[in-house]
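Asks: Sharing a model that was predicted from the sequence below.
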Amino acid sequence: METKIKEKIKLVKKGDQSAFEEIVAFHQSKVYQICYRLIGNTHEAEDLAQEAFIRAYVNIHSYDDNRKFSTWLYRIATNLTIDRIRKKKPDYYLDAEVQGTDGLNMYSQLPADQVQPEEEVESLEIQTYIQNEIMALPTKYRSVIALRFVDELSLAEISDILNIPIGTVKTRIHRGREALRKRLRHV
Amino acid sequence: MTCKKEFIQLMHHYLDGDLNKEEEQQLRTHLQSCKECQNHFQELKRTITLLESNSHLQPSPNFTNKVINSLPKEKKRISYLRWFKAHPAITAAAIFFILMFTSVFSAWNQDGHLSVSKEQNLIIENDTVIVPEGVVVEGDLVVKNGNLKIEGAVNGDVVIINGEHLMASAGEVTGELEQVNQIFEWFWYSLKDITKDIFAFTSK
């Protein structure tokens, strides 16, 4: 597959846009999942993944053929997402008082925790719960966790994508994994 | 428990695939004896399984189309090239006609100045070529971009391109006299000329 992708990239470099279509189709899930794990919102994840592919297309000439394409693509995606997180200011706080109410805050607007009977809904809830726990981690742990568990990237690849030493990657994975173990042990 | 920290470190290294045989054995034997560590290890493995279950996370079905549609326009040249590759016969025909027409047109436009195939004994006045009285031109005579007045005689065909034959006096032409003025006629004439040449060449 990797060689097939390389062939397609050569065509894209020559300006053939239709060759890019297969590249997108092949990588879209992983890129989307990495973005989602980092930003925690499906709409924004899709938006960022799209942006990542467009950037990859525009800057395809700066891609070095001797390296793995997915690594290069993931770096674009993570950088974009981390940038977005930095710029993003929370637009509402759960603690803030809801306008026009007397002392009610956003917590009171949340639905009560109820266990749904359908298994599917239940697993979806678990997934949402997992993502919420991931979101509670600082961005630097989240990015390592996202890359490690979405595409099972090696520690060396993660260090390359995030441009941090491999030792740091290890420490962050250990700490992130340990933190999530504590949070997810009751799931 | 005092053993914990050291072995948790080992567990993480194991999960990263960083343990050698010896250390792995060390971890195994410890896990068999220590309930607490065993529990910790199970929780870690379960956490990983939970984190890796993300197949439900998929972008919308038309994701690829959305990306392709928002890419900057590709170079025109490439899309033409792709079209040509898909239609080789049409491409060959088109190239043939382009070459054909351009060569003929350029020949038409090229020499705006007057030219005569033979100048011997002929008088050229402004843009008129005169075959004076008493002069006999042997062979064919071609005049381009000029008029021709024959007062003497031509022993062969006469072709006047982009000009007129001025019937001033009783000139004599033994062969055919042809006048080419319109571009279509010029095209026709060149075509005829080429075929004539080809046949002349093959019959030799």
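Replies: Cool, got the structure.
Asks: Do I have it right that A:Pro165 meets A:Leu155?
Replies: No - at 10.3 Å, A:Pro165 does not count as touching A:Leu155 under the criterion of CB atoms under 8 Å. In short, each C-beta sits where N, CA and C put it, glycine included.
Asks: Which elements pack onto the worst-scoring helix or strand of chain A on mean pLDDT?
Replies: Least confident helix or strand of chain A, by mean pLDDT, DSSP states H and E, is helix A:119-135 with a mean of 79. The criterion is 3 or more CB pairs under 8 Å, 6 or more residues apart in numbering or on different chains; DSSP states H and E, and the helices and strands that helix A:119-135 contacts are helix A:18-39, helix A:139-150, helix A:166-184, helix B:35-52.
Asks: Run through the residues that contact A:Arg181.
Replies: A:Arg181 makes contact with B:40, B:43-44, B:47 under the criterion CB atoms under 8 Å, 6 or more residues apart in numbering or on different chains.
Asks: State the distance from it to B:Tyr14.
Replies: Separation of A:Arg181 from B:Tyr14 (CB to CB, to the nearest Å): 14 Å.
Asks: where does the chain dip in pLDDT?
Replies: Using chain A. A:89-122 (pLDDT under 70).
Asks: wait, chain B
Replies: In chain B (pLDDT under 70), the answer is B:1-3, B:74-79, B:107-112, B:119, B:167-171, B:182-184, B:201-204.
Asks: where does it come near chain A, residue by residue?
Replies: Contact residues, chain B versus chain A (CB under 8 Å from any CB of the partner chain): B:8-9, B:12, B:15-16, B:40, B:43-44, B:46-48, B:50-54, B:56-60, B:63-64, B:66-68, B:70-72, B:74-75, B:77-78, B:82.
Asks: measure A:Glu46 to B:Thr91 for me?
Replies: Distance of A:Glu46 to B:Thr91, given as CB to CB: 41 Å.
Asks: ditto for B:Glu23
Replies: In terms of CB to CB, B:Glu23 sits 67 Å off from B:Thr91.
Asks: same deal with A:Glu22?
Replies: Separation of A:Glu22 from B:Thr91 (CB to CB) stands at 26 Å.
Asks: Check A:Asp64 too.
Replies: Taking CB to CB, one finds A:Asp64 at 35 Å from B:Thr91.
Asks: who's more crowded, those two?
Replies: B:Thr91 (14 against 8; other CB atoms under 10 Å in any protein chain shown).
Asks: That's all I had, so thanks and see you.
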